[in-house]
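**Student:** Got a predicted model here, sequence first, then my questions.
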Amino acid sequence: TSDQTWWKEAVIYQLYPRSFKDSDGDGVGDLRGIIEKLDYLQSLGITMVWVNPIYSSPNDDNGYDISDYRDIMAEFGTMEDFDEMLQGMHDRGIKFVMDVVVNHSSDEHEWFVQSRSSRDNPYRDYYHWWPAEKGTPPYRWSFFDPEGNAWRYDSLTDAYYLHYFSRKQPDLNWENPKVRQEVYDIMKFWAEKGVDGFRLDAFQFASKDTTFPEFPKGYEKEVIKYYGMGPYLHDYLREMYDEVFSKYDVFAVAEGAGSTFEDAHDLVDADRNELQMAYHFEGVDLVNDLDGYTLDELRNSFSKWDSAFANEGWISIFLANHDNARLVSRYGNDSPEFRAPSSKMLNTFILSMRGTPYCYYGDELGMTNIDFDSISQYRDIAAINGYQKALSEGADMDAFMERLNFLSRDNGRTPMQWDDSPHAGFTTGIPWLPVNDNFTEINVANESSDPNSCLNYFRKMVQLRKDNPLLVYGDYTVVAPKHPDVYAYTRELDGEAMLVILNFSSTGQLINIPNGLETGEIMINNYHEINAEGNKLNLQPYQAIIFQLN
Ligand code: TEU
């Protein structure tokens, strides 16, 4: 849509606070660490930062299990540190997005402590309980449970509670108006502090059919279809909009967008007064085994979503985050030869599509997957509990470990690589998750002084997007839609146009620039030269070029 607003023009940088910068030597990143790196954030040119949860938490799922929504996790610092960090961002023209995790809380949150204590406790209905005298509840699949069931028996009150994620992440009962009011008050607390946006974690699961019907066999493969977009989800979002979003200059993005374009539109279209953006998982789900993806699948998926949102609504553009392995390892090529060109190419892609780009910390350097071979090296609950579950199901554990090595979330959570000093300058202590061995080469200090580095390319590409509204709002049209290895498209706005050409392969590729497209100035190129004969372009492996069109 052509309605122009700041959150559409934003370039969002997501950082995982546990792994960004440790200021006090305990091996865990913290807010004072982020404060030390504010000038670095500004130097990237990004305009908004989304930080994963920083609230008090027993860290069963690294902060996605919150025990106090109005306090900062002790390992991360204090509320004073938060205020200083936020001010520091605002002073540099950077906005801040708060992660809001309210599909569930921690089991150590006071609400749950009360709720489980007795059946007639005033907080009982803050969560979903199934009294045992009704029999065993129909099985529900859980993302993280080592036995697989989302219902957990609690003998204290002879009842089961629901947890879509881990046992320490009980689902909140959104049908209870008191729960909803608590959440809006929490959001207002942070909005009053000046946060500029909210990212709603797993929110598509918040509304449930509380009769908890039995699902058909095999539904686990389409869990969003059965768990997502519950009966009152839109009512809750409209209420949240009235209570919170409408009162502040903030934007809200939901994790998850249902399972159809219609679901996604119903969440984000302006006339709905619910959210401003959502992110769907189709892009990141393209790579779910060792076979990777084909360019055709990627191009089809992104083109489909672009056209569905061309006139109404707005989407997020991303290929990596804290729930996925590293961008270059999954979508590019992390071999020494091709790591840099393919990283630059992928960042060119993310930063030249219509929608708001989300760039994940470390991807500006071309950070890669780490190579763990033993389950004892993993820290992620999804890996550890997934391993237990696979083991008890008698799965092929070699295959399981191979898959985990490639896809684990811990790949995307290793410490930021700042320089070539011990532990990459992330900490003076022992990092909570090992630093990738390649830090002596891939690090901020090194890349800052190299004009051809991934980092300096990223800065240039961010600037190009910010200087050219057509890269934000312009129409997107695929060129050479059948090319097996080259993804090419034009972006066009108010009579101005650019041509983006991306070689997704590790070999040279030929592409014909169609008649009628007259290339002009080269806006960016991840190689030094361009090999062209007439309208034939000979691309280098993973070459990315953006031309101005005359
Ligand atoms: O993820 C929710 C989600 O839908 C999962 O599919 C997620 O992609 C999965 O955990 C991958 O293994 C969100 C957060 O992004 C994630 O980090 C949290 O673990 C989860 O919610 C629970 O809060």
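**Tutor:** Looks like it arrived, so ask away.

**Student:** going forward, measure contacts and count neighbours with C-alpha atoms only.
**Tutor:** Will do.

**Student:** which strands and helices sit next to the helix or strand where residue 459 lies?
**Tutor:** Element membership for residue 459 (DSSP states H and E) is helix 454-467. For helix 454-467, the packing partners by 3 or more CA pairs under 8 Å, 6 or more residues apart in numbering; DSSP states H and E come out as helix 38-44, helix 339-350, helix 444-448.

**Student:** what's the closest of these to the ligand?
**Tutor:** helix 339-350 (19.5 Å; CA to the nearest ligand atom).

**Student:** Which positions within the closest one qualify as buried?
**Tutor:** Of the residues in helix 339-350, 339-350 count as buried by neighbour count, 16 or more other CA atoms under 10 Å.

**Student:** What of stretch 184-203?
**Tutor:** Buried, per 16+ other CA under 10 Å, within stretch 184-203: 184, 186-188, 190-191, 194-203.

**Student:** ok, and of those residues, which contact the ligand?
**Tutor:** Applying CA under 6 Å from any ligand atom to these, one finds that 201-202 fall near the ligand.

**Student:** Restricted to helices, list the buried residues of stretch 184-203.
**Tutor:** Among those, DSSP state H puts 184, 186-188, 190-191 in helices.

**Student:** could the residues you listed go into a markdown table alongside pLDDT?
**Tutor:** Below are those laid out as a markdown table (pLDDT from 0 to 100):
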| residue | pLDDT |
| --- | --- |
| 184 | 98 |
| 186 | 98 |
| 187 | 98 |
| 188 | 98 |
| 190 | 98 |
| 191 | 98 |
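
**Student:** Just give the nearest non-adjacent residue to the residue nearest the centre of the chain, would you?
**Tutor:** In the chain, the centroid-proximal residue (CA atoms, centre = their mean) is residue 321; its distance is 3.7 Å. Nearest residue to residue 321 in three dimensions, chain neighbours excluded: residue 360, at 5.6 Å (CA to CA, 6 or more residues apart in numbering).

**Student:** What's the separation between the closest residue to the ligand within the stretch 1-150 of the chain and residue 3?
**Tutor:** As assessed by CA to the nearest ligand atom, the ligand sits closest to residue 64 within the stretch 1-150 of the chain, at 4.5 Å. Here residue 64 is placed at a distance of 34 Å from residue 3 (CA to CA, to the nearest Å).

**Student:** ok, now residue 260?
**Tutor:** Taken as CA to CA, the span from residue 260 to residue 3 is 24 Å.

**Student:** Residue 212: neighbour count?
**Tutor:** The local packing of residue 212 (other CA atoms under 10 Å) involves 12 other residues.

**Student:** so what's it closest to, chain neighbours aside?
**Tutor:** Closest to residue 212 by CA to CA, 6+ apart is residue 138, at 7.3 Å.

**Student:** Next up, the contacts around the one you found.
**Tutor:** By CA atoms under 8 Å, 6 or more residues apart in numbering, the residues touching residue 138 are 212-214.

**Student:** same thing with residue 430?
**Tutor:** So residue 430 contacts 25-27, 423 (CA under 8 Å, 6+ apart).

**Student:** if we go to 6 Å?
**Tutor:** residue 27 (CA atoms under 6 Å, 6 or more residues apart in numbering).

**Student:** Tell me the gap between stretch 344-357 and the middle of its chain.
**Tutor:** 14 Å (CA atoms, centre = their mean, to the nearest Å).

**Student:** Quick one: mean pLDDT over that stretch.
**Tutor:** Per-residue pLDDT values over stretch 344-357 give a mean of 98.

**Student:** Please enumerate the helices of the stretch 101-250 of the chain.
**Tutor:** In the stretch 101-250 of the chain, the helices defined using DSSP state H, counting those that start in this stretch lie at 110-117, 177-193, 223-227, 233-243.

**Student:** Convert the C-alpha atoms of the first one to PDB, please.
**Tutor:** The C-alpha trace of helix 110-117 is given here as PDB (Å, rounded to 0.1, in the frame of the first residue of the first chain):
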ATOM      1  CA  GLU A 110       3.100 -15.300  40.900                       C
ATOM      2  CA  TRP A 111      -0.200 -15.800  38.900                       C
ATOM      3  CA  PHE A 112       0.700 -19.400  38.200                       C
ATOM      4  CA  VAL A 113       2.000 -20.000  41.700                       C
ATOM      5  CA  GLN A 114      -1.400 -18.800  43.000                       C
ATOM      6  CA  SER A 115      -3.400 -20.600  40.300                       C
ATOM      7  CA  ARG A 116      -2.000 -24.000  41.000                       C
ATOM      8  CA  SER A 117      -2.200 -23.700  44.800                       C
END
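
**Student:** Between residue 64 and residue 3, point out the one with more neighbours.
**Tutor:** residue 64 (25 against 10).

**Student:** helix/strand/coil for that one?
**Tutor:** At residue 64 the chain is in coil, as set by DSSP: H, G, I helix; E, B strand; the rest coil.

**Student:** so how far is residue 47 from it?
**Tutor:** Taken as CA to CA, the span from residue 64 to residue 47 is 25 Å.

**Student:** count of residues packed around residue 421?
**Tutor:** 13.

**Student:** Pull up the gap between the nearest residue to it once chain neighbours are set aside and residue 419, please.
**Tutor:** Leaving out its chain neighbours, the residue that sits closest to residue 421 by CA to CA, 6+ apart is residue 440, at 7.8 Å. Remark: distance between residue 440 and residue 419 (CA to CA) = 7 Å.

**Student:** For the stretch 251-400 of the chain, which segments count as strands?
**Tutor:** Secondary structure of the stretch 251-400 of the chain (DSSP state E, counting those that start in this stretch): strands at 251-255, 277-279, 316-317, 356-360.

**Student:** Lowest average pLDDT across the ones you listed?
**Tutor:** strand 277-279 (a mean of 93).

**Student:** Mind telling me which residue of the stretch 251-400 of the chain is nearest the ligand?
**Tutor:** Closest point on the stretch 251-400 of the chain to the ligand, by CA to the nearest ligand atom, is residue 323, at 5.0 Å.

**Student:** The closest residue to that residue other than its chain neighbours - how many residues pack around it?
**Tutor:** Spatial nearest neighbour of residue 323, excluding adjacent residues (CA to CA, 6+ apart): residue 409 at 5.0 Å. For residue 409, the neighbour count with other CA under 10 Å is 23.

**Student:** Which per-residue confidence value corresponds to residue 409?
**Tutor:** 98.

**Student:** My guess is it contacts residue 325. True?
**Tutor:** Yes: assessed by CA atoms under 6 Å, residue 409 is found in contact with residue 325 at 5.4 Å.

**Student:** In which helix or strand does residue 548 reside?
**Tutor:** With DSSP H and E as the criterion, residue 548 is inside strand 544-549.

**Student:** OK, now which residue of the stretch 151-300 of the chain is nearest to the ligand?
**Tutor:** Counting by CA to the nearest ligand atom, the stretch 151-300 of the chain gets nearest the ligand through residue 202, at 4.7 Å.
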